[in-house]
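Peer 1: quick one: sequence and predicted model below, then my questions.
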Amino acid sequence: MLSRRFRVAALVLGGSGCTLVPGDPDADPDASTGTTDSGSSASDPGEPPPEPNGTTTGLSTTSTEGGATDEPVDEPGDATVLGEALTVDLAGLPFEPLSLEIGDFDGDGVLDLLITGTADGAVRSATLLGHGDGTFAAPLDNGMVACSAYPVVGRLSDDVRDDVLIAGCNGEYLATLVANPDATLVPWAPWPQVYGSGARSAIVGDFEGDGDNDVVMVAVQALPDGDAWISLFESNGGTGFWGGGGLGLGPIAQSGFEPNRLVAGHFDGDDVLDVALTDQGHDIARWFGVPGGFAFGLELGVELDPWSTLVGDLDGDGVDELVVTSYLESSLQVLANDGSGEFTPTGPLALAHAPYDAALADLDGDGLVDLVTVDDSEAAVRWLSGDGSGGLGPGQLRALPSPAIRVHAADLDGDGHADLAAATFAADSVSVILSGP
């Protein structure tokens, strides 16, 4: 078995730290990830395991035998969980929409829609306030000033509204925009300009376990011989950043791993969030969260051409599994977690479509995590029901007015069940699909 090694140095910053800028994803609407809540493996014995501070570590490879199943697992069954698609009209937007995010931007406890795009070379954005029943108000110009149309949404300040991280217009600084009670977005004065470049993906989550959200970013510099790294910037009680930890992944030319997507979850059963990185077209790697940073990297050896990675507890044991989708191969693979963060890839599953974007959520209220996907060339959303043991079975197909490039799963009508919002921008709309048992 071939192994790929990373030499990892954990750096704990003191005082005010620096950070990275999430740049525009290249033809990929999910390259920046929003807020998070929360078999056997073989490793190369030639290098000693790292100390808890992560000074050095190896990134080894795991794999299983077998190829993708022949029969698509997403052929529609008899389930009737998904309602008909409801249209949220975007025809009056004064810009071309490119991204769709969800958050509570006015602090009323109801989820809203954030649409961002471009007009005449400038980034424009609008917020559609939710009514709490799955319908939304007309688009409101939220005043966003940025040079990226792909924001990261999360609660960063100490109020009850969701905020936005986005690339600033100088190309090297992160713009932090906080939401006002009227859902307009303004620069956050308490946050200093924070330097960084080369960022590929960012996520907002409570990585310290102290009740307020932090920021983690993955960046790559100066290809083809540059370094990759993960940076953690810890929140100072929702009023700014403390210096955080950094994890250098080493030169890409040596490691062969070029991360461009980042997700977080609980992989090893402790209270600290861990991370998984995707090198699209190559492999997935995970790192455990440790105080002030990350350590114990492991490349997981998926058997498909990975496009995106999703995190969810598919078997109900309290730790998260990984679901890896392949857009080019029309397939997916579940990475089963043994409870300690050791992942075993199950056999790849063939799909009847190419999953451009996907989300995990309990759509039918049975307490089990399901999968929804959209294909940017198929005017439909597909639901695969979870079986509670890590498997995904037949589900349902629901027609959309156009293909979608983004799908979110969240409770849009307040009934306690996850609903769907799909970016059907080719039809000048967002499609909302309400679900229920």
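Peer 2: Good, I have the coordinates.

Peer 1: which element, helix or strand, includes the residue nearest to E208 when sequence neighbours are not counted?
Peer 2: Sequence neighbours aside, E234 is the residue nearest to E208 in space, at 5.6 Å (criterion: C-beta to C-beta, 6 or more residues apart in numbering). For every residue, glycine as well, the C-beta is placed using N, CA and C. Secondary structure assignment for E234, by DSSP states H and E: strand 227-235.

Peer 1: which residues of the stretch 251-400 of the chain fall in helices?
Peer 2: 252-255 (DSSP state H, counting those that start in this stretch).

Peer 1: circling back to that earlier point, these two touch, right, the residue nearest to E208 and G209?
Peer 2: No - here E234 does not reach G209: they are 10.8 Å apart, not a contact under C-beta atoms under 8 Å.

Peer 1: beta partners of the residue nearest to E208?
Peer 2: W242 (DSSP bridges).

Peer 1: and E96, by the same measure?
Peer 2: Taking DSSP bridges, one obtains T118 as the residues bridged to E96.

Peer 1: so who does it touch?
Peer 2: 117-119, 425 (C-beta atoms under 8 Å, 6 or more residues apart in numbering).

Peer 1: before we move on, back to that, more neighbours: E234 and G209, which one.
Peer 2: More crowded of E234 and G209, by other C-beta atoms under 10 Å: E234, with 22 against 12.

Peer 1: would you map the strands across the stretch 251-400 of the chain?
Peer 2: For the stretch 251-400 of the chain, the strands defined by DSSP state E, counting those that start in this stretch occupy 261-265, 274-279, 283-290, 293-299, 308-312, 321-326, 331-337, 343-345, 349-350, 357-361, 370-375, 378-386, 392-399.

Peer 1: in a markdown table: the ones you listed, plus distance to D112.
Peer 2: As requested, these are exported to a markdown table (distance: least, C-beta to C-beta, whole Å):
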| stretch | distance to D112 |
| --- | --- |
| strand 261-265 | 23 |
| strand 274-279 | 27 |
| strand 283-290 | 30 |
| strand 293-299 | 32 |
| strand 308-312 | 23 |
| strand 321-326 | 27 |
| strand 331-337 | 30 |
| strand 343-345 | 35 |
| strand 349-350 | 34 |
| strand 357-361 | 18 |
| strand 370-375 | 20 |
| strand 378-386 | 21 |
| strand 392-399 | 23 |
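
Peer 1: closest one to H131 among the ones you listed?
Peer 2: Closest approach to H131 among the strands of the stretch 251-400 of the chain (C-beta to C-beta): strand 357-361, 20.9 Å.

Peer 1: just the CA trace of that closest one, in CSV.
Peer 2: Taking C-alpha atoms only, strand 357-361 is exported to CSV below (Å, rounded to 0.1, in the frame of the first residue of the first chain):
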residue,chain,number,x,y,z
ASP,A,357,-24.1,20.0,-4.9
ALA,A,358,-25.5,18.0,-2.0
ALA,A,359,-26.6,18.3,1.6
LEU,A,360,-27.3,15.9,4.5
ALA,A,361,-30.4,16.3,6.7
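
Peer 1: could you save the strands of the stretch 251-400 of the chain as JSON lines and add columns showing mean neighbour count, distance to P181 and mean pLDDT?
Peer 2: Listed next are the strands of the stretch 251-400 of the chain as JSON lines, based on neighbours: other C-beta atoms under 10 Å; distance: least, C-beta to C-beta, whole Å; pLDDT from 0 to 100:
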{"stretch": "strand 261-265", "mean neighbour count": "24", "distance to P181": "29", "mean pLDDT": "95"}
{"stretch": "strand 274-279", "mean neighbour count": "24", "distance to P181": "33", "mean pLDDT": "96"}
{"stretch": "strand 283-290", "mean neighbour count": "24", "distance to P181": "34", "mean pLDDT": "94"}
{"stretch": "strand 293-299", "mean neighbour count": "25", "distance to P181": "36", "mean pLDDT": "91"}
{"stretch": "strand 308-312", "mean neighbour count": "23", "distance to P181": "32", "mean pLDDT": "96"}
{"stretch": "strand 321-326", "mean neighbour count": "24", "distance to P181": "37", "mean pLDDT": "96"}
{"stretch": "strand 331-337", "mean neighbour count": "24", "distance to P181": "41", "mean pLDDT": "96"}
{"stretch": "strand 343-345", "mean neighbour count": "22", "distance to P181": "43", "mean pLDDT": "93"}
{"stretch": "strand 349-350", "mean neighbour count": "18", "distance to P181": "46", "mean pLDDT": "92"}
{"stretch": "strand 357-361", "mean neighbour count": "23", "distance to P181": "29", "mean pLDDT": "96"}
{"stretch": "strand 370-375", "mean neighbour count": "26", "distance to P181": "32", "mean pLDDT": "96"}
{"stretch": "strand 378-386", "mean neighbour count": "23", "distance to P181": "33", "mean pLDDT": "94"}
{"stretch": "strand 392-399", "mean neighbour count": "18", "distance to P181": "35", "mean pLDDT": "86"}
